[in-house]
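Chemist: Make a model of this:
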Amino acid sequence: MSLAPFTVSTTATAVAVAYTQSNLVADLVLPRVPVATQRFSYNVYNKEDGFTVPETEVGRKGKPNELEFGSKELTDQTVDHGLDTPIPNADVQNWEGARANGNTTLVDPRLRATRALTQAMLTRREKRVADMVTNVANYGTDNRIVLSGTSQWSDYAASDPSRAIPDVLDGMLMRPTDVVMGRRVWSYLSRHPKICAAVFKNGTNNGLVTREQFAELFELPNAPIIGEGWLNTAAKGQPVNMQRIWGNDCLFFHRDMNADTEYGVTFGFTAQFGDRVAGSIVDPDLGIRGGERQRVGESVKELIIAADLAYLFKNAVNG
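Modeler: Numbering: from 1, shown residues only. So this is what the prediction gives:
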């Protein structure tokens, strides 16, 4: 059966674009960068260029040494992500009838569906980003460690993150600007006796460290990013099984919010083609009155472009 084409709704698109969840942090970890076409190119700069020490002395009639700064151009393509939900015409007619009778408390079912679809789509993006940046396979051996047993920060007696964290950060080519971790990791770190002792400096190892105090202790310009999101991992029809999206990992990384596909050295970004869209497709087979399928979608591609600008503490606390 031939259905009417997807029709973009200005109102629904405005809802989808403006919608944000307070507990999702993917846009802070891999910021969105606009690209002109779905297929795009981006530059990865040569690491050695920024650390080479050339001869700079110039004689009275001499010629200064010349440097060339190289980069490698890579290409990729954004991926379309979208979700639909059916809305029978009866639901829309009931809403229109209620509004005509002066009931302004009901929400247009198409806009309510847009919010729900946007939330589900962004939650899936949060999962993609969390899985990508906490995957040990994405980092070299000098940029990752898998903690276990007494080395995990949940072991208050044996572990010492106040020493372990600076030891690895000092070896990074660029100091991290940010750290992202799951809620469970932050709950342990913010109460860790060694962290409290280092922050409070009054002989006590008890208390609760703020995000700002943590950032100051480890010389981070930005407060920690805490992944609060939840995901139901149960198969359809099975009992709900809620799990934290960001798990038990901790990632320090260097982020340049001004970086794009051409310039800037940063851990990673999200290429985004166009704006998020929302609208509907006519579906005559919904109920006896037909209906429409509300759709929300966006075209993005998450990329880690400089894994050596990050350090991953995998399994930072026990599960």
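Chemist: Where do the strands of this structure begin and end?
Modeler: Here the chain has its strands, by DSSP state E, at 7-8, 32-35, 39-45, 71-77, 79-88, 144-146, 178-182, 225-227, 230-232, 242-244, 250-253, 268-283, 291-304, 310-314.
Chemist: counting contacts, what elements does the shortest one pack onto?
Modeler: Judged by 3 or more CB pairs under 8 Å, 6 or more residues apart in numbering; DSSP states H and E, the packing partners of strand 7-8 are strand 268-283. For every residue, glycine as well, the C-beta is placed using N, CA and C.
Chemist: just checking, residue 148 touches residue 314?
Modeler: No. Using CB atoms under 8 Å, residue 148 makes no contact with residue 314, being 9.4 Å away.
Chemist: Compare neighbour counts for those two and give me the winner.
Modeler: Comparing residue 148 with residue 314 by neighbour count (other CB atoms under 10 Å), the higher total belongs to residue 314, at 18 against 10.
Chemist: Disregarding flanking residues, what is the spatial nearest neighbour of the more buried one?
Modeler: Nearest residue to residue 314, sequence neighbours excluded (CB to CB, 6 or more residues apart in numbering): residue 146, at 4.4 Å.
Chemist: Equivalent analysis for residue 315, please.
Modeler: Spatial nearest neighbour of residue 315, excluding adjacent residues (CB to CB, 6+ apart): residue 147 at 5.2 Å.
Chemist: Check residue 99 too.
Modeler: Spatially, and ignoring its direct neighbours in sequence, residue 99 is nearest to residue 106 (7.0 Å; CB to CB, 6+ apart).
Chemist: tell me the average confidence for the biggest helix by length in the chain?
Modeler: Assignment by DSSP state H gives helix 109-133 as the longest helix of the chain. For helix 109-133, mean pLDDT rounds to 94.
Chemist: What angle do strand 178-182 and that helix make with each other?
Modeler: 110 degrees (axes from the mean of the first three to the mean of the last three CA atoms, to 10 degrees).
Chemist: next one: helix 109-133 to chain centre, how far?
Modeler: 12 Å (CA atoms, centre = their mean, to the nearest Å).
Chemist: how close does the residue nearest to residue 99 get to residue 18?
Modeler: For residue 106, the distance to residue 18 equals 20 Å [CB to CB, to the nearest Å].
Chemist: Mind giving me the packing neighbours of the longest helix of the chain?
Modeler: Applying 3+ CB pairs under 8 Å, 6+ apart, we find helix 109-133 packed against helix 10-18, helix 26-29, strand 79-88, helix 89-100, strand 230-232, strand 268-283, strand 291-304.
Chemist: In that helix, which residues are buried?
Modeler: Of the residues in helix 109-133, 109-115, 117-119, 121-123, 125-130, 132-133 count as buried by neighbour count, 16 or more other CB atoms under 10 Å.
Chemist: ditto for stretch 260-268
Modeler: Quick answer for stretch 260-268 (16+ other CB under 10 Å): 260-261, 264-268.
Chemist: could I get these as JSON lines with distance to residue 137 and pLDDT?
Modeler: Below are the buried residues of stretch 260-268 laid out as JSON lines (distance: CB to CB, whole Å; pLDDT from 0 to 100):
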{"residue": "260", "distance to residue 137": "27", "pLDDT": "90"}
{"residue": "261", "distance to residue 137": "24", "pLDDT": "92"}
{"residue": "264", "distance to residue 137": "25", "pLDDT": "85"}
{"residue": "265", "distance to residue 137": "22", "pLDDT": "87"}
{"residue": "266", "distance to residue 137": "20", "pLDDT": "93"}
{"residue": "267", "distance to residue 137": "16", "pLDDT": "96"}
{"residue": "268", "distance to residue 137": "15", "pLDDT": "97"}
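Chemist: Of those residues, which is the nearest to residue 204?
Modeler: Using CB to CB, residue 267 comes nearest to residue 204 of the buried residues of stretch 260-268, at 35.3 Å.
Chemist: I figured that closest one was touching residue 303, is that so?
Modeler: No. Between residue 267 and residue 303 there is no contact under CB under 8 Å: 9.8 Å.
Chemist: any common contacting residues for those two?
Modeler: residue 30 (CB atoms under 8 Å, 6 or more residues apart in numbering).
Chemist: Now do the contacts for the nearest residue to residue 156 once chain neighbours are set aside.
Modeler: Excluding its sequence neighbours, the residue lying closest to residue 156 (CB to CB, 6+ apart) is residue 193, at 5.4 Å. Taking CB under 8 Å, 6+ apart as the criterion, residue 193 is in contact with 156, 205-206.
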